[in-house]
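**Q** this is a predicted model, with the sequence first.
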Amino acid sequence: MIRENLRLIQASIARAAEKSGRTPEEITLVAVTKTVPIAAIQETIRCGHNFFGENYIQEAAGKIPCCPPDTNWHFIGHLQSNKAKQAVELFQVIETVDRWEIARILNKYARQLNRYPSILIQVNLGRERQKSGILSEHLEDLLHRIGQETALPVLGLMTMPPYFSDPEQSRPYFQQLKELSMQLARKNLFADNSNVVLSMGMSNDYTVAIEEGATTIRVGSALFGTRNI
């Protein structure tokens, strides 16, 4: 199942990339492994896939040591300050930085461990109270401060728009994140302003996200099947 699902997703990525004048190599598929057993992750690795995302530090701590050391792990859940040290130890990319305090703590542990994960800033474009993420009007100030006061490389932005059964309704949010990234790149606020990472799009809307400029998509159920919990 996993091999076939991966093939279908990769084909969809290729079609969406072609539609927007891009190549599939420009898009990173992060396989979301929340509640997914280690055996399924290992099978995915055997299929040649190497990028995974976890929502919970404790769950990740039990899975990551069971995978090859060159496996690339993204943290995609809400990060509490008391889990920041483990996040630095475990992950290559932390996608959900949304406030100065968590950036400050991550930087402290990064210096202590001499290990500097890349980060993305999570933006709450839907202004949903139940979701994490900085509001867009505060984003520039946060990027300035992180750039001036930390050694954390900020690769780009991440968002989770409101859920819609029709993925077309997500399109304006993806367009907005792309526009924000372009504005901020012109002010040199990212580690590489000519190659800003945009993590947006999940199982139900990733093709629309790719059409609007996503460089990273986070896909779980389309690859591993519907979760039981």
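**A** Yep, that arrived.
**Q** and the nearest residue to Val97 once chain neighbours are set aside, which of the three is it?
**A** Excluding its sequence neighbours, the residue lying closest to Val97 (CB to CB, 6 or more residues apart in numbering) is Ile119, at 4.7 Å. To be clear about C-beta, it is placed using only N, CA and C from the backbone, and glycine gets the same treatment. Under DSSP: H, G, I helix; E, B strand; the rest coil, the three-state class of Ile119 is strand.
**Q** quick one, strands of this structure?
**A** Taking DSSP state E to define them, one finds strands in the chain at 28-32, 51-54, 72-75, 93-97, 118-123, 154-159, 197-199, 216-219.
**Q** how about Thr44, what does it touch?
**A** 2, 6, 31, 52, 223 (CB atoms under 8 Å, 6 or more residues apart in numbering).
**Q** how near is it to Asn107?
**A** Taking CB to CB, to the nearest Å as the measure, Thr44 falls 32 Å from Asn107.
**Q** same check on Met160?
**A** Taking CB to CB, one finds Met160 at 24 Å from Asn107.
**Q** likewise Gln175?
**A** 32 Å.
**Q** which one's more surrounded, those two?
**A** Set Gln175 next to Asn107 and count neighbours by other CB atoms under 10 Å: Asn107 wins out with 19 against 15.
**Q** could you verify my assumption that that one touches Ala151?
**A** Yes. Here Asn107 reaches Ala151: they are 6.3 Å apart, a contact under CB atoms under 8 Å.
**Q** buried ones in the longest helix along the chain?
**A** In the chain, taking DSSP state H as the definition, the longest helix is helix 2-19. For helix 2-19, burial by neighbour count (16 or more other CB atoms under 10 Å) applies to 2, 5-6, 9, 12-14, 16-17.
**Q** from those, pick the one nearest Gln86.
**A** Ile2 (27.4 Å; CB to CB).
**Q** ok, the closest one touching Cys47?
**A** Yes. In this structure, Ile2 is within contact of Cys47 by CB under 8 Å, at 6.3 Å.
**Q** flag the shaky bits of this protein, pLDDT-wise.
**A** Applying pLDDT under 70 to the chain flags the ranges 228-229.
**Q** which parts of it are helices?
**A** For the chain, the helices defined by DSSP H cover 2-19, 38-46, 57-63, 84-90, 100-113, 136-149, 171-185, 206-211, 221-224.
**Q** winner for burial among those?
**A** helix 206-211 (a mean of 24; mean count of other CB atoms under 10 Å).
**Q** can you tell me what sits against that helix?
**A** 12-13, 15-17, 19-20, 22, 27, 167-168, 170-171, 174, 200-201, 214, 217-219, 222.
**Q** same thing with stretch 50-59?
**A** Stretch 50-59 is contacted from outside by 28-35, 41, 44, 60, 63-64, 67, 70-77, 79, 83, 86-87, 90-91, 95, 218, using CB under 8 Å, 6+ apart.
**Q** filter those residues to the buried ones?
**A** Looks like these have 28-34, 41, 44, 60, 63-64, 67, 71, 73-77, 79, 83, 86-87, 90-91, 95, 218 buried, using 16+ other CB under 10 Å.
**Q** and Glu26, what is it in contact with?
**A** 17, 215.
**Q** bridging residues for Ile134?
**A** Bridge pairing for Ile134 (DSSP bridges) gives the partners Val123.
**Q** surely it and Val123 touch.
**A** Yes. Using CB under 8 Å, Ile134 makes contact with Val123 at a distance of 5.9 Å.
**Q** more crowded one of these two?
**A** Taking other CB under 10 Å, Ile134 and Val123 do not tie; Val123 has more neighbours (26 against 19).
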